[in-house]
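**Student:** Just a sequence and a predicted model for now, questions to come.
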Amino acid sequence: MNTSTIIIIILAVFVLFVIFLYNSLIRLRNQVKNSWAQIDVQLKRRNDLIPNLVEAVKGYMKHEKGVLENVTKARTQFLKATSIEGKAKASNMLSETLKSLFAVSENYPNLKANENFMQLQEELSGTENKIAYSRQHYNDMVMFFNTKIEKFPNNIFANMLSFKQEQMFEATEAEKKNVKVQF
Amino acid sequence: MRLMFDEVRSNKIKSWILIFVFMILIGFLGAIIGILYGSIYFGLAIALLFGMIYSLIGFFSGNSMILAMTKAKPVTKKEYPYLYNTVEAVAISASIPTPKAYVIDDSALNAFATGRNHETASITVTTGLLKTMNRQELEGVVAHEMSHIKNYDIRVMMLAAVLIGIVTLLSDFLLRSFLWGGGRNRDSKGGNIGIILIVVGLVLAVLSPIIGEMIRLAISRKREFMADANGAILTRYPPGLASALRKIASDPDPFVDHANKATAHLFISTPFRNKKGFVSKLFMTHPPIEERIKRLEAM
């Protein structure tokens, strides 16, 4: 084998490597996008359910205006959030306000027995569950993608092909400690 | 998650291997039948044709047959929001389309999944189970079933069941033909080779259903452990399923009416009363519950 054949073979292997890497990065990144869309669906659903919940509860919990207002405020803040981390933080806060609302509703047996309220409660609790699962899944996909572009020698090419790290759907450590409802 | 990737691939390969091995077995049995009746090719052709028709029917309508056999009823979100939401949530975690939900009206605590692929999948739960399980336990059970669906376990198990069915029928036919003198041309095919082949064929005819059944069960048992582990990964909460299994183990009446040998291996826990003894251990469709709980708690 002469030198030029060897060079051609090396180049071919190199090109194939880049092609395979590129394709698998596209696949992983699309999985990230797809799983983000899933979270979005559940978050939107939660947002849509909340006004109904507030309406259903208003009449019964007349002396709990604070709790109700917190839920509405948290929802507004969530709608304003733009970055992934901002949304994660706002989502956590909204979950907390809902938890408080449902905890307080335990003191109102008439409310608890109300059909509409029970349905909403089940829907919201189911949706919180789905949000948790889709977050889990999204973060897993982000981890696969990020790991692949951080490893060597992939990182060199990832940079050149402009693949950037994705963000996990979570609040930072500092925030996790203070999930108090503050406005 | 990586675990699942490999399992999916290995299950798809296993499905093909199963088909291949059984086609050969069926072909062989068919040839022997052919020899007894005078034409190898005729026997082969009949066996393979019959095999294909049977397996196509079994494979494509297997789902509906099993659901009908166990009297499972499809349910909507309105009727059982708790169950529906749980199935949807776990499906999100597993990133497969949401399986259809079914309910069996029975006080026994049990569940099963069917579905040769993700799109035609379904998860069935007994009313008894719904009444006794809390959210984490129900999620554990649903996650276990979802893992079976996601891994294409169901496909492999259905294929195995169908193929064993064909082998059993052919073996039966072969034995009957031999016993009732179907060998018109036994003399003309004469010589040692012919006789050896027939003897081998008979041995196979008797043994293959038994071997096939044991293989199916062995595969089944390893699968149950894997489904437990994968289910726990899906929910990130092994104690949920462990606690559910504990409740199932102490169920005073594990009988599910309308379950039979054909459908038993699809349930999360054996739907028959556990008999003690070596032979029944060999033919157990599921590993012992205590063992499963131990493994989950060690996770």
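**Tutor:** Yep, it's here.
**Student:** B:Asp251 should be in a helix, yeah?
**Tutor:** No: applying DSSP: H, G, I helix; E, B strand; the rest coil, one finds B:Asp251 to be coil, outside a helix.
**Student:** Find the nearest non-adjacent residue to it, please.
**Tutor:** Spatial nearest neighbour of B:Asp251, chain neighbours left out: B:Leu109 (4.7 Å); criterion: Cβ to Cβ, 6 or more residues apart in numbering or on different chains. For every residue, glycine as well, the C-beta is placed using N, CA and C.
**Student:** And that neighbour, how far from B:Glu290?
**Tutor:** 16 Å (Cβ to Cβ, to the nearest Å).
**Student:** higher neighbour count, those two?
**Tutor:** The neighbour count for B:Leu109 versus B:Glu290, taken as other Cβ atoms under 10 Å in any protein chain shown, is higher for B:Leu109 (28 against 11).
**Student:** That one contacts B:Leu129, correct?
**Tutor:** Yes: B:Leu109 lies in contact with B:Leu129 (Cβ atoms under 8 Å); the separation is 4.6 Å.
**Student:** shared neighbours of these two, anything?
**Tutor:** B:Ile248 (Cβ atoms under 8 Å, 6 or more residues apart in numbering or on different chains).
**Student:** what's the average pLDDT for whatever helix or strand A:Ala158 lives in?
**Tutor:** Element membership for A:Ala158, per DSSP states H and E: helix A:154-160. The average pLDDT for helix A:154-160 rounds to 87.
**Student:** Contacts for it next, please.
**Tutor:** With Cβ under 8 Å, 6+ apart as the test, helix A:154-160 has contacts from A:Val18, A:Leu21, A:Tyr22, A:Leu25, A:Lys148, A:Ile149.
**Student:** Scan those and report the most crowded one.
**Tutor:** Greatest neighbour count in the contacts of helix A:154-160, by other Cβ under 10 Å, goes to A:Ile149: 20 neighbours.
**Student:** Look up how far A:Thr97 lies from that residue.
**Tutor:** Separation of A:Ile149 from A:Thr97 (Cβ to Cβ): 37 Å.
**Student:** Over to A:Ala88?
**Tutor:** Computed as Cβ to Cβ, the A:Ala88 to A:Thr97 distance reads 15 Å.
**Student:** What count of nearby residues applies to the closest residue to chain B within chain A?
**Tutor:** Relative to chain B, the nearest point of chain A is A:Gly126 (3.2 Å; Cβ to the nearest Cβ). The number of residues packed near A:Gly126 is 21, by other Cβ under 10 Å.
**Student:** Not counting sequence-adjacent ones, nearest residue to it?
**Tutor:** Excluding its sequence neighbours, the residue lying closest to A:Gly126 (Cβ to Cβ, 6+ apart) is B:Asn85, at 3.2 Å.
**Student:** The one you found contacts A:Glu128, correct?
**Tutor:** No: the pair B:Asn85 / A:Glu128 is not scored as a contact, 10.2 Å apart, by Cβ under 8 Å.
**Student:** So which bits of chain A are right by chain B?
**Tutor:** By the rule Cβ under 8 Å from any Cβ of the partner chain, the part of chain A lying against chain B is A:35, A:38, A:42, A:119, A:122-123, A:126-127, A:129-130, A:132-134, A:136-137, A:140, A:144.
**Student:** What's the local residue count around B:Ala298?
**Tutor:** By the measure other Cβ under 10 Å, the count of residues near B:Ala298 is 8.
**Student:** which secondary element of chain A has the worst mean pLDDT?
**Tutor:** When the helices and strands of chain A are scored by mean pLDDT, DSSP states H and E, helix A:173-177 comes last with a mean of 55.
**Student:** about what we covered before: CSV for the contacts of helix A:154-160, including pLDDT?
**Tutor:** Formatted as CSV, those follow (pLDDT from 0 to 100):
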residue, pLDDT
A:Val18, 91
A:Leu21, 91
A:Tyr22, 92
A:Leu25, 92
A:Lys148, 92
A:Ile149, 92
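**Student:** Keep only those of the residues you listed that are in helices.
**Tutor:** Using DSSP state H, the members of the contacts of helix A:154-160 that fall in helices are A:Val18, A:Leu21, A:Tyr22, A:Leu25, A:Lys148, A:Ile149.
**Student:** ok, now which ones touch residue 25?
**Tutor:** This is for chain A. A:Phe145, A:Lys148, A:Ile149, A:Asn154, A:Ala158, A:Leu161, A:Phe163.
**Student:** To clarify, I was referring to chain B.
**Tutor:** By Cβ under 8 Å, 6+ apart, B:Leu25 lies in contact with B:Val167, B:Leu204, B:Ser208.
**Student:** who in the stretch 1-150 of chain B is up against chain A?
**Tutor:** With Cβ under 8 Å from any Cβ as the criterion, the stretch 1-150 of chain B meets chain A at residues B:Met1, B:Pro81, B:Tyr82, B:Asn85, B:Thr86, B:Glu88, B:Ala89, B:Val90, B:Ile92, B:Ser93, B:Ser95, B:Arg135.
**Student:** mind listing the helices for chain A?
**Tutor:** Assigned by DSSP H, the helices in chain A fall at A:3-58, A:65-80, A:84-105, A:109-113, A:115-150, A:154-160, A:173-177.
**Student:** For the residues of chain A next to chain B, which PyMOL command selects only the ones that are buried?
**Tutor:** Burial among the residues of chain A next to chain B is assessed by 16 or more other Cβ atoms under 10 Å in any protein chain shown; the matching PyMOL selection reads:
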select buried, chain A and resi 35+38+42+123+126+127+129+130+132+133+134+136+137+140+144
